[in-house]
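Undergrad: Structure here, sequence nowhere to be found:
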């Protein structure tokens with residue numbers, strides 16, 4: 001019995017010591033407040049880091065989308081210049097029977113197209129007898145304009161949309177002469193260009209600046225270089241700039257300029273004082 005009593009005494013003695021240890025090691029209110037503040041600070045820092053990373057990714061994504069849109073718009077304009085007969089560098093060159101510019105539109109450039117094939121069969125030799133049925137003329141040129149974007153504005157001024165008015169394209173890439181569309185080619189165009197583009201005025205090139213777009217055209221209006229400036233402003237604090245330029249040259253014979261060589265008509269000259277490896281042309 002005495003041994004059992006000693007064991008019980010040691011048990012209760014150790015239990016009291018344990019609870020005393022627990023009481024002596026308990027957190028104070030100050031420690032709890034400090035730990036709470038540290039935990040809150042860590043959570044806030046982690047949230048801020050995640051949010052900053054997400055916003056940076058979104059900003060980069062928006063910039064890449066704008067870059068792709070401007071590149072595509074420029075490629076589209078240059079491709080149509082390459083496929084044209086003549087470039088229009090003044091709105092007065094738009095035929096009177098064609099839709100004219102409306103209020104608030106700034107003329108950028110125009111493209112006069114040749115007769116268009118309805119489908120691939122138009123290029124066969126047998127189609128020449130029915131040329132009027134397979135080839136369709138496009139009386140009105142393609143016109144590119146800038147229109148002020150009423151829903152957007154940047155840190156440095158208003159934004160503009162690059163508009164295209166002209167024949168639509170079918171799924172095979174052929175023009176539809178009877179279907180005229182007015183589409184937005186690109187947006188976020190600046191009110192001023194970022195980089196200046198110089199034209200060789202001594203060679204007869206014409207320089208024009210329309211908002212954030214610069215156009216250089218040669219004296220015969222067969223070649224053109226176009227520069228587009230755009231930017232992306234976020235919360236009026238940070239601005240990302242974008243500038244692209246490219247050039248094109250008309251590959252289609254313009255009878256009004258050089259005459260129809262096949263039939264010897266026309267008053268224009270294809271080349272004056274030209275030579276090929278020293279041999280006059």
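TA: Arrived safely. In this text, all values refer to a predicted model and were calculated from it rather than measured experimentally.

Undergrad: elements contacting the lengthiest strand in the chain?
TA: Longest strand of the chain, by residue count under DSSP state E: strand 175-189. Judged by 3 or more C-beta pairs under 8 Å, 6 or more residues apart in numbering; DSSP states H and E, strand 175-189 is in contact with helix 29-82, strand 142-154, strand 157-169, strand 223-234. C-betas here are computed from N, CA, C, even on glycine.

Undergrad: Counting neighbours, which bits of that strand end up buried?
TA: By neighbour count on 16 or more other C-beta atoms under 10 Å, the buried set for strand 175-189 is 175, 177, 185-189.

Undergrad: cool, and stretch 85-96?
TA: So stretch 85-96, judged by 16+ other C-beta under 10 Å, has buried residues 85-89, 94.

Undergrad: First-to-last residue distance for that stretch?
TA: Using C-alpha to C-alpha, to the nearest Å, one end of stretch 85-96 lies 19 Å from the other.

Undergrad: pretty sure residue 63 contacts residue 240?
TA: Yes: using C-beta atoms under 8 Å, residue 63 makes contact with residue 240 at a distance of 5.0 Å.

Undergrad: tell me, what's touching those two both at once?
TA: Common contact partners of residue 63 and residue 240 (C-beta atoms under 8 Å, 6 or more residues apart in numbering): residue 232.

Undergrad: Spatially, what comes nearest to residue 209 if we skip its sequence neighbours?
TA: Counting by C-beta to C-beta, 6 or more residues apart in numbering, the nearest residue to residue 209 once its immediate chain neighbours are dropped is residue 193, at 6.7 Å.

Undergrad: Can you list the neighbours in contact with stretch 64-76?
TA: 162, 164, 185-188, 226, 228, 230, 232, 242, 244-246.

Undergrad: and which of those is nearest to residue 149?
TA: Using C-beta to C-beta, residue 187 comes nearest to residue 149 of these, at 6.1 Å.

Undergrad: List the contacts of residue 101.
TA: 91, 94, 107, 143, 145.

Undergrad: neighbours around the last one, how many?
TA: The criterion is other C-beta atoms under 10 Å. On that basis, residue 145 has 22 neighbouring residues.

Undergrad: per-residue pLDDT, it?
TA: Looking at residue 145, its pLDDT reads 96.

Undergrad: still on that earlier bit, possible to save the buried residues of stretch 85-96 as JSON lines with secondary structure and distance to residue 113?
TA: Formatted as JSON lines, these follow (DSSP: H, G, I helix; E, B strand; the rest coil; distance: C-beta to C-beta, whole Å):
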{"residue": "85", "secondary structure": "coil", "distance to residue 113": "7"}
{"residue": "86", "secondary structure": "strand", "distance to residue 113": "9"}
{"residue": "87", "secondary structure": "strand", "distance to residue 113": "11"}
{"residue": "88", "secondary structure": "strand", "distance to residue 113": "11"}
{"residue": "89", "secondary structure": "coil", "distance to residue 113": "16"}
{"residue": "94", "secondary structure": "coil", "distance to residue 113": "13"}
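
Undergrad: ok, the residues you listed vs residue 204, which is closest?
TA: Using C-beta to C-beta, the buried residues of stretch 85-96 come closest to residue 204 at residue 89, 12.0 Å.
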